[in-house]
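Asker: have a look at this prediction, sequence included:
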Amino acid sequence: MTTNKWAIDASHSEIQFKIKHLVITTVTGHFTSFNGAMEADDDFSNAHINFEADVNSISTNNEQRDTHLKSADFFDVEKFPKLSFRSTGFEKKGDDEFELTGDLSIRDIMRQVTFTVEYGGTATDPWGQVKAGFELKGKINRKDFGLTWNALTEAGGALVSDEVKLAANIQLVKQ
């Protein structure tokens, strides 16, 4: 089998997170600046994936909240400007389903995480570039990565949940 190199097509990809606020609504955020690459066989077996996001590019569509997320209370972008992921496994689970495991680093704290991955297919665009699409889903506990800030409501509930849902729609371009 041939090993192929792929790079994220950032203009056709998105990296999102969702977190409960007041335990009654969900706030969605995303990173606007990121890059990544994959090396894999033709059938994507034995894939090796790496990814990096610029934490300063975080956006929740609220400037005040984004500034707070960049502060030492959360990501501390001055000390830790990047978050990264390096795969340790990519296992086929079904025709178009994979399980991706790897090391996620946030604030220089590394933890193993697992994502479910749905392969969307491969196509050639009008300019002759071969592209592959994947949708990833997973979740983490933000406190495991040193993101521990919180406040209590009048009723004693948490302002921000510990669980963060991660989602990515990734289009890769064959190099």
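Answerer: Right, received. Where do you want to start? Keep in mind the model is a prediction, meaning the values are calculated, not measured. Numbers count the residues shown, from 1 in each chain.

Asker: what about F34, how many neighbours?
Answerer: The local packing of F34 (other Cβ atoms under 10 Å) involves 21 other residues. All C-beta spots, glycine's among them, are computed from the backbone N, C-alpha and C.

Asker: hmm, who's touching stretch 128-138?
Answerer: 6, 9, 12, 44, 100, 113-125, 165-174 (Cβ atoms under 8 Å, 6 or more residues apart in numbering).

Asker: hmm, which of those residues are the buried ones?
Answerer: Buried residues within the contacts of stretch 128-138, counting neighbours by 16 or more other Cβ atoms under 10 Å: 6, 9, 44, 100, 113, 115, 117, 119, 165-168, 170-172.

Asker: residue ranges with poor pLDDT in this structure?
Answerer: 1, 150-159 (pLDDT under 70).

Asker: list the buried ones in stretch 15-29?
Answerer: In stretch 15-29, counting by 16+ other Cβ under 10 Å, buried: 15, 17-20, 27, 29.

Asker: could I have it exported to PDB, CA atoms only?
Answerer: Provided in PDB are the C-alpha atoms of stretch 15-29 (Å, rounded to 0.1, in the frame of the first residue of the first chain):
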ATOM      1  CA  ILE A  15     -12.900  23.200  14.800                       C
ATOM      2  CA  GLN A  16     -15.600  23.700  17.400                       C
ATOM      3  CA  PHE A  17     -16.400  23.200  21.000                       C
ATOM      4  CA  LYS A  18     -19.600  23.400  23.000                       C
ATOM      5  CA  ILE A  19     -20.000  23.900  26.700                       C
ATOM      6  CA  LYS A  20     -23.100  24.400  28.900                       C
ATOM      7  CA  HIS A  21     -23.600  27.800  30.500                       C
ATOM      8  CA  LEU A  22     -25.800  27.900  33.600                       C
ATOM      9  CA  VAL A  23     -26.600  24.300  32.800                       C
ATOM     10  CA  ILE A  24     -29.500  25.500  30.700                       C
ATOM     11  CA  THR A  25     -27.900  26.600  27.300                       C
ATOM     12  CA  THR A  26     -25.000  25.700  25.200                       C
ATOM     13  CA  VAL A  27     -22.300  28.100  24.100                       C
ATOM     14  CA  THR A  28     -20.500  27.300  20.900                       C
ATOM     15  CA  GLY A  29     -17.000  28.400  20.100                       C
END
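
Asker: quick one: it to chain centroid distance?
Answerer: Relative to its chain's centre, stretch 15-29 lies at 14 Å (Cα atoms, centre = their mean, to the nearest Å).

Asker: now, among the buried residues of stretch 15-29, which is nearest to T88?
Answerer: I15 (19.5 Å; Cβ to Cβ).

Asker: how much space separates D162 from L104?
Answerer: Separation of D162 from L104 (Cβ to Cβ, to the nearest Å): 16 Å.
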